[in-house]
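1. Need coordinates for the below:
(one chain, ligands or ions: 1)
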Amino acid sequence: MGRRKVTDDKSAKPVRGPGRKSKKQGEPTFPKELAQTEPTDKKKVSSRGKQRARKRLEKDKLKQTINKNTKLKTATKRQSDGESNDEEQINGYTDENQQWLKPKKKKELFDDDEQNEEESMDEDVPYDDQFNEMESSSEEEEENDGDEPKLDIEKQSKKIREKQRQTKERSEQELLTNIQQHEKVQFPSGQEVTKEAPQADLQLLMHRIREVINVLNDFKNKREANRSRKEYLDLLRQDLCNYYSYNEFLMNKILDLFPLAEVIDFLEANEVQRPVTIRTNTLKTRRRDLAQALINRGVNVDPLDKWTKVGLVIYNSQVPIGATPEYLCGHYMLQGASSFLPCMALAPQPNERVLDMCAAPGGKATYIGALMRNSGILVANDANKDRARAIIANTHRLGLTNTIVTNLDGRHFSEHMGGFDRCLVDAPCSGAGVIAKDQAVKSSKDEKDIQRCFTAQRQILLNAIDSINENSTTGGYIVYSTCSILVEENEAVVQYALNNRPVKIVETGLEFGVEGFTNFKGTSFHPFMKYCRRYYPHLHNLDGFFVAKLKKYSTKQGNKKESETIEKEKKKEEEDDSLEAMADD
Ligand SMILES: C[S@@+](CC[C@H](N)C(=O)[O-])C[C@H]1O[C@@H](n2cnc3c(N)ncnc32)[C@H](O)[C@@H]1O
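-> Reported below is the predicted structural model:
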């Protein structure tokens, strides 16, 4: 998925000629009549005839090679689009690190698949193939190296590629001319708006998107006399859906969230992968030492940013980052930079009792454990049994000795344990902040999904609050985070907790991020909602993320009774549904 593929896209890889493998193939086999060396009674083939037959054969071979390459490319694209990721589908969750663990070409360093699979399943949604580009370019190099003289068949395929390139250039030129001719927005008929945009019209479509935004920004002066604002907005929404492959539901949410000038920036940022980052495990090493060790292995690495003392950004690597000796020894965790933020906001202290309510596969839990310097007690819980196993693997690898892993439903956790100083609720969510990682979110979410998410989020957050010791001398804090940008899953959930439990919003202590909404589409939230922090890919080059910090202030249970009545009213069916969906997230 992604932006729809423009047929004349310059970045599209040209069809490759035959690689080393085909060069190694034996002599072509000729049809019987050509191969016959003994004279036969049948008509003798002349030498020109033989030449013609040989050419025919070479042509057929060229066609076959091109077909083979095209098939291979389609398969690779499918894989990178996640279509054929059987394991992910079976497990119901995805292994963020699985691409890292894949050796580039030959088996490099350690490659203990089974172990890595468990240990490195990281965070919310799948990492796409972050080293795809690197791998494919090195493959290309490998295929083209060597001093063997080019075969005839290669020359021909080169000619074809050159011809294709020229055709592309010409059609691009034509499209640009077309765009320049359409100065004003051309309103299509109703039917034309809703039908799928033809691929070749994508550049025109983007032109129209920009023009419509231009008109909407100065509506009084630039609109067509008989056109309403709504008509322009409808056209814009439909064009954006077509161009970026979103469903209308999510596009509406995005249009509600951002000023028009920002919408394209946000959508474009979702087409680009965030930087690959790792977190130093300070229980085992120092960032400087880790960076040096990785540099020695051919990893191009730098400190992430001034707001973190443990993050490193990886520009490129000659070794699989999920299989270096340092990785296997637990010197670092593969982790998106946004995942550092809720742990920093939680600020767990040594010797405290800390709960990570939705902890699998343990990315944030292992950071919390390191911040606690392996002291006190960390309970890392997850409702999904398989995912909970990954917490165990990761805590072992990273050397945590203060951690207890539990497999309980977070909506009822306080019935089993309580009295915690701090709790992180990194809630299961729609993933609307991590579209770059999981493009399926663009078209798969609807109102019902969001409702299911926020129902579970509210229930888990209320229960997390109930698990906290409000008389804690060091804490009494709850951090709520999601990798969604939707208000329903964020500010609205926090407001629900404020209404139903004795908690207040406090500052996160995070030094950057956009303030939470205090008003949204006519709904007012608590003024302190501004202390919450929102993170966006186009502004911070991080996954879309939300972080709120709450403090439990008394034993009085607020309107607990009222909220429990509301909870009971929710259909049991809905509850079961949401647990299954979230647990299999
Ligand atoms: C966003 S992920 C957590 C990622 C994790 N904090 C990390 O950093 O590695 C949400 C997790 O919530 C779990 N979950 C879903 N429903 C739950 C529930 N009712 N109680 C506890 N955990 C739940 C899912 O299995 C999933 O692992």
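2. Now do the contacts for Arg210.
-> Ile264 (CB atoms under 8 Å, 6 or more residues apart in numbering). Quick note: C-beta positions are derived from backbone N, CA and C, even for glycine.
3. Report whether stretch 343-361 contacts the ligand.
-> Yes - Stretch 343-361 is in contact with the ligand by CB under 6 Å from any ligand atom, via 357-361.
4. Show me what counts as buried in that stretch.
-> With burial defined by 16 or more other CB atoms under 10 Å, the residues of stretch 343-361 counted as buried are 343-346, 348-349, 352-361.
5. before we move on, what about stretch 418-431?
-> Quick answer for stretch 418-431 (16+ other CB under 10 Å): 420-431.
6. Now, these that are in strands?
-> Mapping the buried residues of stretch 418-431 onto strands (DSSP state E) picks out 422-426.
7. Make CSV from the residues you listed and add distance to the ligand and pLDDT to it.
-> Shown next, in CSV, are these (distance: CB to the nearest ligand atom, whole Å; pLDDT from 0 to 100):
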residue, distance to the ligand, pLDDT
Arg422, 14, 98
Cys423, 12, 98
Leu424, 7, 98
Val425, 9, 98
Asp426, 4, 98
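8. now, among those residues, which is nearest to Ile213?
-> Checking those against Ile213 by CB to CB gives Asp426 as the nearest, at 35.2 Å.
9. Touching, that closest one and Gly362? I think so.
-> No - in this structure Asp426 lies outside contact range of Gly362 using CB atoms under 8 Å: 10.8 Å.
10. Show me how the record splits the chain into domains.
-> 76-113, 201-271, 278-335, 337-580 (automatic domain parsing).
11. so of the ones you listed, which one's packed in deepest?
-> Stretch with highest mean neighbour count among the domains of the chain: domain 337-580 (a mean of 20; mean count of other CB atoms under 10 Å).
12. Got the phi and psi for the residue in the stretch 201-350 of the chain that the ligand sits nearest to?
-> Nearest residue of the stretch 201-350 of the chain to the ligand, counting by CB to the nearest ligand atom: Ser339, 5.5 Å away. Dihedral angles of Ser339 (phi, psi; degrees, to the nearest 10) stand at phi -70, psi -20.
13. Show the pLDDT at it.
-> Ser339 is assigned 98 on the pLDDT scale.
14. Distance check, it against Gly516.
-> Per CB to CB, to the nearest Å, Ser339 is found 19 Å from Gly516.
15. cool, His538 as well?
-> Applying CB to CB, the value for His538 to Gly516 is 18 Å.
16. contacting residues for the closest residue to Leu486 other than its chain neighbours?
-> Excluding the flanking residues, the one nearest Leu486 by CB to CB, 6 or more residues apart in numbering is Ala432, at 5.2 Å. Residues near Ala432 by CB under 8 Å, 6+ apart: 250, 253, 441, 445, 484-486, 489, 544.
17. switch to 7 Å and redo it
-> 250, 441, 445, 484-486, 544 (CB atoms under 7 Å, 6 or more residues apart in numbering).
18. Phe249 too?
-> 445-447.
19. how much space is there between the closest residue to the ligand within the stretch 401-550 of the chain and Ala269?
-> Going by CB to the nearest ligand atom, the ligand is nearest to Gly410 of the stretch 401-550 of the chain, at 2.8 Å. The gap separating Gly410 from Ala269 is 31 Å, by CB to CB.
20. again, but for Glu511
-> 21 Å.
21. cool, Asn541 as well?
-> 8 Å.
22. Shouldn't Leu355 be within a helix?
-> No - assessed with DSSP: H, G, I helix; E, B strand; the rest coil, Leu355 is strand; it does not lie in a helix.
23. pLDDT of stretch 276-286, averaged?
-> 98.
24. ok, and what's touching that stretch?
-> 130, 287, 290, 304, 310-314, 329-337, 340, 367, 370, 374, 398-399.
25. Pass me the low-pLDDT residue ranges in the stretch 151-300 of the chain, would you?
-> Where the stretch 151-300 of the chain drops to pLDDT under 70, the residues are 151-154, 171-186, 189-200.
26. the helices in it, which residues?
-> Here the stretch 151-300 of the chain has its helices, by DSSP state H, counting those that start in this stretch, at 152-181, 190-194, 202-217, 219-222, 229-244, 248-257, 260-269, 287-296.
27. and the angle from the fifth one to helix 202-217?
-> In this case it means helix 229-244. 150 degrees (axes from the mean of the first three to the mean of the last three CA atoms, to 10 degrees).
28. Might you enumerate the residues of the stretch 251-400 of the chain proximal to the ligand?
-> 339, 357-364, 382-384, 387.
29. same thing but 5 Å
-> 358, 360-361, 363-364, 382-384, 387 (CB under 5 Å from any ligand atom).
30. Tell me the one of the residues you listed nearest Leu498?
-> Using CB to CB, Cys358 comes nearest to Leu498 of these, at 20.5 Å.
31. Nearest spatial neighbour of the closest one, chain-adjacent residues omitted?
-> In space, Cys358 is closest to Asp426, 5.3 Å off (CB to CB, 6+ apart).
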